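**Q** no sequence on this one, just coordinates:
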């Protein structure tokens, strides 16, 4: 831009000089025409003077003649060959010593001209060689003086003619030229700035803004997003390099490094997407959750390196059997998740039997030559046959897998696939499922609220990088956290107005009741803690135990935030749901008092990322 500006400035100066010089030349050409008239006058009378020694014209007649011929002539003089002044239109002024040189040159046949600046400082009344732009801009009048010899027909110099002609309007024309060029140069500079701004915006600023926005959105979880690569040159190469890096980061973020399957987090993302499609289209969906039998003992005996080999073998079988029909994820240490979109329970059972049989056919040979059989134990659950809740779907699958492992411990030849809904699964999970159904029958809001709590408690747990076991526990706890409200009378549970202190005391007992209702399931210890502590406050003001800070179990702190979010984002008889911005403001205001500040900050990031995704 500096180079372009310099070019504009130099070009303007050159243009001004060229135009001013042309204007001066035009003025001088006009003067030359008047000089010709002066030469004619001098030539007419000089021969007469040479013969008789007297001019046949008076000074007054000469002045009148000069005025009649051209008004721009300000001085007309004639000199004899000896240098004496014969005639002048300005008799009051005498020739100066400076006039001798041009007079002598004229007598020798050499014409000369000068520029006069009149009424201006510091040149006033003095001859100048050539007009400059600075002299023109200073103002005042300008005249051109011309000296020439007058010769007879044989070329003999008879005398000298001196003429001074006014050159009007040079100052005004110079000012106009400068102003016009300044305006044109200014317009050109503005145009250049505008063009540069548009170019920067189109080729640099906008691509950089898009790249920055893409980077921010990828950071916030939209890892499949890529920067536009329409720009050419370095920015286009930067965008392509960034996208290549993003591809690698996405692979690392979504893929389990040992098996090459989806990792736990993106197994959940894939399940969310598959469940949403199945629910909106009313299509079946089945999932298989499977563990490798005795894998911990194998790891302890042969080491993790060989354990990883076993995981890769099982993953290879999963890929071969599922083909394009299943979505595969390494859900935990030795746990695999298989999502089967469009498969009902019967089709999923056929697939699961085929899969477990294929895994059972492979053996792993240890370094000592021992051949170790591999067995996959799986739980199967289907939507909508078993449940219409995604979180309940996972809970049922987890319970079915647990039952498969329990049966394998009792009988190594027992079933490798346990289907949710069968009697043996009900023995483990049926009572809890009955509680969930009871909540749904009793209060539709409580059921919707519980499903939402389960969903967002799991999201927060993943964001907080909790273990797979903790995430699974929080999902189950979300579904069950309000089972204690079964003992709350309808007139209190569904009261549209404020509760009395006695009614509030009844409500405050529901976490303890929930603990007692689910305590019969020993593998749900983490769930029990989350259910019993989801109304504790970080500053100790909560209930039922008044725990403070880190004394509140971590899953209870997670559940408290998800529970509050669900309560704020659903309509209630006594108020409308809050907007996302209002919920974020409330979470931030209560961080450190009602909520764990670190977890509250993570939850706010989740909500902001969802808001951006919805806006996009």
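**A** In hand now; what should we look at? The structure presented is a predicted model; accordingly, all values stated were derived computationally and were not measured.

**Q** Please point out which parts of stretch 579-597 sit buried.
**A** 583, 584, 586, 587, 590, 591, 594, 595, 596 (16 or more other Cβ atoms under 10 Å). In short, each C-beta sits where N, CA and C put it, glycine included.

**Q** what about it, how long is it end to end?
**A** Criterion Cα to Cα, to the nearest Å; first-to-last residue distance in stretch 579-597 is 21 Å.

**Q** Pull the distance from it to the chain's centre.
**A** Counting by Cα atoms, centre = their mean, to the nearest Å, stretch 579-597 is centred 27 Å from the centre of its parent chain.

**Q** Format the buried residues of stretch 579-597 as a markdown table; extra columns: pLDDT.
**A** Formatted as a markdown table, the buried residues of stretch 579-597 follow (pLDDT from 0 to 100):
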| residue | pLDDT |
| --- | --- |
| 583 | 93 |
| 584 | 93 |
| 586 | 93 |
| 587 | 93 |
| 590 | 94 |
| 591 | 94 |
| 594 | 93 |
| 595 | 95 |
| 596 | 95 |
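
**Q** For residue 18, state which of these is nearest.
**A** residue 584 (66.8 Å; Cβ to Cβ).

**Q** Which element, helix or strand, includes the closest one?
**A** Assigned by DSSP states H and E, residue 584 falls within helix 580-590.

**Q** In whichever helix or strand comes after that helix, which residues are buried?
**A** Next helix or strand after helix 580-590 toward the C-terminus (DSSP H and E): helix 597-615. For helix 597-615, burial by neighbour count (16+ other Cβ under 10 Å) applies to 599, 600, 602, 603, 604, 605, 606, 607, 609.

**Q** Would you agree the first one is in contact with residue 558?
**A** Yes. Using Cβ atoms under 8 Å, residue 599 is in contact with residue 558, at 6.2 Å.

**Q** overlap in contacts of those two?
**A** The contact sets of residue 599 and residue 558 overlap at 460, 464 (Cβ atoms under 8 Å, 6 or more residues apart in numbering).

**Q** on that earlier part again, right, and out of the buried residues of stretch 579-597, which lies closest to residue 492?
**A** Closest to residue 492, out of all of those and judged by Cβ to Cβ, is residue 594, at 22.5 Å.

**Q** show me the contacts for that closest one.
**A** For residue 594, counting by Cβ under 8 Å, 6+ apart, the contacting residues are 537, 538, 539, 541, 542, 560, 564.

**Q** Those residues, buried ones only, as a ChimeraX selection?
**A** Listed next is the ChimeraX selection for buried residues among the contacts of residue 594, using 16+ other Cβ under 10 Å:
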select :537,538,542,560,564
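
**Q** Looking at the contacts of residue 594, spot the one nearest residue 140.
**A** Distances from residue 140 to the contacts of residue 594, taken by Cβ to Cβ, are shortest for residue 564, at 86.6 Å.

**Q** Check which residues of the one helix or strand the closest one maps to are buried.
**A** Element membership for residue 564, per DSSP H and E: helix 554-569. Judged by neighbour count (16+ other Cβ under 10 Å), helix 554-569 contains these buried residues: 554-566, 568-569.

**Q** Strands along the chain, start to end?
**A** In the chain, the strands defined using DSSP state E lie at 73-80, 85-88, 112-118, 126-128, 141-151, 157-166, 285-292, 327-330, 335-341, 363-365, 371-373, 376-383, 417-419.

**Q** Format those as TSV; extra columns: mean neighbour count.
**A** Listed next are the strands of the chain as TSV, based on neighbours: other Cβ atoms under 10 Å:
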stretch	mean neighbour count
strand 73-80	22
strand 85-88	20
strand 112-118	18
strand 126-128	13
strand 141-151	21
strand 157-166	23
strand 285-292	27
strand 327-330	24
strand 335-341	23
strand 363-365	13
strand 371-373	11
strand 376-383	26
strand 417-419	24
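
**Q** weakest of the ones you listed by average pLDDT?
**A** Note on the strands of the chain: strand 126-128 shows the lowest mean pLDDT, a mean of 67.

**Q** Contact partners for residue 166?
**A** 72, 73, 74, 141, 142, 143.

**Q** Tell me what it is bridged to.
**A** residue 143 (DSSP bridges).

**Q** From residue 24, how far off is it?
**A** 14 Å (Cβ to Cβ, to the nearest Å).

**Q** go on, residue 107?
**A** Residue 107 is 28 Å from residue 24, by Cβ to Cβ.

**Q** repeat for residue 419
**A** Distance from residue 419 to residue 24, by Cβ to Cβ: 106 Å.

**Q** How about residue 336?
**A** 95 Å.

**Q** now the angle from the helix holding residue 564 to helix 580-590?
**A** 140 degrees (axes from the mean of the first three to the mean of the last three Cα atoms, to 10 degrees).

**Q** packing partners for helix 554-569?
**A** Secondary-structure packing of helix 554-569 (3 or more Cβ pairs under 8 Å, 6 or more residues apart in numbering; DSSP states H and E): helix 444-463, helix 468-480, helix 525-532, helix 580-590, helix 597-615.
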